[in-house]
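**Student:** sequence and predicted structure are below.
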Amino acid sequence: MRFCSLGSGSAGNATLIEASQGITSTRLLVDAGFSMRELTRRLARAGCEPAELDAVFITHEHGDHIGCALAFASRHRLPLIMSRGTWRAVGNADFDPALLRIAKGAEAIALGDLEVRPFAVPHDAQEPLQLTLHDGAARLGIVTDLGSAPDDVAGALAGCQALLLECNHDVALLRDGPYPPSLKKRILGSHGHLSNAAAADLLARCQHPALRDVVAAHLSERNNSPALARDALAAALGCAPADVRVADPALGFDWLQLH
Ligand SMILES: [Zn+2]
Ligand SMILES: [Zn+2]
C-alpha cells in the first residue's frame, strides 16, 4: 500500500491511497476538499486519472473536505462513501442513490484490495468519521479533524505502520494570535482541532515498534509551523524532527510506500 496527499489544511484536504495485489489495484480518494478543476489537476500531479479511482470516502461535511465530492463522484460515476449524518448535511436529490454508500463507525467496508475501517471522532460536524485502511499486509491510519482523542480513537489506530495525524495548532500561538475569541474557543474545544501537544499525546498512546512513518497534517498556516509540529511529534516518537514528515497545504506530499 502507498499513499500521498494532494494538499492538507483549512484550504482543502485530499489523500490518495493505492493498494495492489498481483495484477489488481485499488485506489481510494479520502476527501475532495477542492474545486473539480483543482482536484483533477492535483490527481494528475500524483499520476492518477479520476477514472482510475474506485471510490471516494468523505470524512465529514466541512468545506475543506467535501469540496466538489458530489459533482466529482457524479461526473466520474464513482461510489461515494460517507456517514448518514454527513449525507444529511450535504446530500441532495439530484445525486444518484446507486452511487451512495453509507458508512458507520466500527463497520468495515471491503473495497477491492483494501479494507476500510471507519471510526467516530469528536469534531463539530454531524457524524464525522476518520479511518484506517488495511491491505492484508499493512495498515494506514488517517485522522485529520478531531478536537480530542479519547481511548477508542487511540485503539482504532493501534497497529498502524503509518499515520496521517492532525497537528492543527500550537496552543500558545493560537491563544496569543489574532483569531476572534469565539473561533479560538471552537478550535481549542474538545470537538475542534488537535493541537501539536494533543497529537503528540495520541501518538505516544498508539506508538509501537512497527510504526515507521508519521505525517503531520492539517496544520494551521496562522497558528502553527512545520518545525513546531515536527518537534512535538519527534519528542513523542523519540526520533529526529527531520524524520517526521509534514503535509504541505498546497503540495501535500509525494507517494509514501508502507513497509
Ligand atoms: Zn472539520
Ligand atoms: Zn478540516
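**Tutor:** Yep, that arrived. Ligands and ions are numbered 1, 2, ... in the order given.
**Student:** which residues of the protein fall in strands?
**Tutor:** Assigned by DSSP state E, the strands in the chain fall at 2-7, 14-21, 24-30, 55-57, 80-83, 100-103, 109-111, 114-120, 129-134, 139-143, 162-166, 213-217, 245-246, 253-257.
**Student:** quick one: closest of those to ligand 2.
**Tutor:** Closest of the strands of the chain to ligand 2 is strand 162-166, at 8.2 Å (criterion: CB to the ion). Heads up, the C-betas are built off the backbone N, CA and C, glycines and all.
**Student:** on that earlier part again, now, of the strands of the chain, which is deepest in the fold?
**Tutor:** strand 162-166 (a mean of 27; mean count of other CB atoms under 10 Å).
**Student:** can you state the direction angle for it and strand 253-257?
**Tutor:** 150 degrees (axes from the mean of the first three to the mean of the last three CA atoms, to 10 degrees).
**Student:** can you give me the angle strand 162-166 makes with strand 14-21?
**Tutor:** Going by the same axes, to 10 degrees, strand 162-166 is angled at 170 degrees with respect to strand 14-21.
**Student:** how near is the residue nearest to Ile187 when sequence neighbours are not counted to ligand 2?
**Tutor:** Nearest residue to Ile187, sequence neighbours excluded (CB to CB, 6 or more residues apart in numbering): His193, at 5.1 Å. His193 is 8 Å from ligand 2, where distance means CB to the ion, to the nearest Å.
**Student:** swap in His191?
**Tutor:** His191 sits 13 Å away from ligand 2, going by CB to the ion.
**Student:** ok so, going back, out of the strands of the chain, the one nearest ligand 1 is which?
**Tutor:** Checked against CB to the ion, the stretch from the strands of the chain lying closest is strand 162-166, at 9.5 Å.
**Student:** residue of the stretch 101-250 of the chain nearest ligand 1, please.
**Tutor:** Counting by CB to the ion, the stretch 101-250 of the chain gets nearest ligand 1 through Asp145, at 3.8 Å.
**Student:** need the contact list for that residue.
**Tutor:** Shown in contact with Asp145 (CB atoms under 8 Å, 6 or more residues apart in numbering): Thr59, His60, His62, His65, Val121, His123, Ala125, Pro128, Gln130, Glu166, His193, His218.
**Student:** could you redo the last one with a cut-off of 6 Å?
**Tutor:** Listed by CB atoms under 6 Å, 6 or more residues apart in numbering, the contact set of Asp145 reads His123.
**Student:** and for Met82?
**Tutor:** For Met82, the contact set (CB under 6 Å, 6+ apart) comprises Ile58.
**Student:** how about it: which residues does it bridge to?
**Tutor:** Under DSSP bridges, the beta-bridge partners of Met82 are Ile102.
**Student:** near ligand 2, which residues of the protein show up?
**Tutor:** Proximity of the chain to ligand 2 (CB under 5 Å from the ion) is limited to residues Asp64, Asp145.
**Student:** Ala149: which of the strands of the chain is closest?
**Tutor:** Nearest to Ala149 among the strands of the chain is strand 139-143 (7.7 Å), distances taken as CB to CB.
**Student:** for ligand 2, see how far away Val153 is.
**Tutor:** 16 Å.
**Student:** for the closest residue to that residue other than its chain neighbours, give me its contacts.
**Tutor:** For Val153, ignoring the flanking residues on the chain, the nearest one in space by CB to CB, 6+ apart is Val121 at 5.9 Å. Val121 is in contact with Pro128, Gln130, Leu146, Val153, counting by CB under 6 Å, 6+ apart.
**Student:** just the ones of these in helices?
**Tutor:** Members of these lying in helices (criterion: DSSP state H): Val153.
**Student:** dump the contacts of Val121 to a markdown table, plus distance to Ser83 and pLDDT.
**Tutor:** Shown next, in a markdown table, are the contacts of Val121 (distance: CB to CB, whole Å; pLDDT from 0 to 100):
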| residue | distance to Ser83 | pLDDT |
| --- | --- | --- |
| Pro128 | 7 | 98 |
| Gln130 | 11 | 98 |
| Leu146 | 14 | 97 |
| Val153 | 16 | 97 |
